[in-house]
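Asker: generate a structure from the sequence data that follows.
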Amino acid sequence: MSMKTKWNEIEADLKEKTQSGYKMALVDSDKLLRYTLKEKGYPGKDLKKQLFWAGISIQNRPDLKNAIKKKDEVLNDFDYRLSTFELEDFLNAYKKAVEWVESGQKISFRKKVGIYFENYFFLKNTSLTKLVIVVLTLFLGIKLLSSTETGNNVVNKVVEVDNLLFDWLKVLLLVGLGVGVVVFISFIYLDKKKKVKIKE
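Answerer: Model prediction:
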């Protein structure tokens, strides 16, 4: 079914000149936009993300943002009444978005894999992204420091401080382990002594 035919169906809903027809036209416009995005292969679990990958920012398109918001209101409020004036604006916003998506080429498999990777790996795992950035920054810093004599001196000083701290850490761990062993042996000794007294 062509896009023109689908819009003709939406316009047929309008010709009913009833609240149910107006609501159906708005809901069908939203469905058509989602369908077009899916046909073009844009990924995303929600409409906002799919539009983002199609090159449409909701924040920069208040007309479309209002249309989507109104569609949600219509779906959640059975008694909501749409005026023909506001409906015309909402349908125009949807139509422009559909035409924009439709005019673009179907996304290639390679690009889709790249988008999925970016969308579902980096954007969702923000802690992982931060870790990658920190590690890359660290390696870049080391590379820059090692390329100059001053940098080498700084690295050597950092290594010296690190070795000193590590030596102290080893001592503290050994002391902590020793205290733990003493406490454990004392606990076992006192527990056995207690049991002997109970038997007596």
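
Asker: avg pLDDT for stretch 131-142?
Answerer: Model confidence over stretch 131-142 averages 76 on the pLDDT scale.

Asker: so how far is it off the chain centroid?
Answerer: What separates the centre of stretch 131-142 from the centre of its chain is 22 Å, taken as CA atoms, centre = their mean, to the nearest Å.

Asker: average pLDDT for the helix or strand hosting residue 39?
Answerer: Here residue 39 is covered by helix 19-40, with elements defined by DSSP states H and E. The average of the pLDDT scores along helix 19-40 is 89.

Asker: repeat for stretch 47-54
Answerer: Model confidence over stretch 47-54 averages 83 on the pLDDT scale.

Asker: in it, which residues are buried?
Answerer: Judged by neighbour count (16 or more other CB atoms under 10 Å), stretch 47-54 contains these buried residues: 47, 49, 50, 51, 52, 53, 54. Bear in mind the C-beta positions are built from the backbone N, C-alpha and C, glycine included.

Asker: now the two most distant members of those.
Answerer: Distance extremes for those: the farthest pair is 47 and 53 at 11.1 Å, using CB to CB.

Asker: helix or strand right after the helix or strand of the chain with the lowest mean pLDDT?
Answerer: Least confident element among the helices and strands of the chain, by mean pLDDT, DSSP states H and E: helix 109-117 (a mean of 63). Tracing the chain past helix 109-117, the next element assigned as helix or strand by DSSP H and E is helix 126-146.

Asker: nice, that's everything, thank you.
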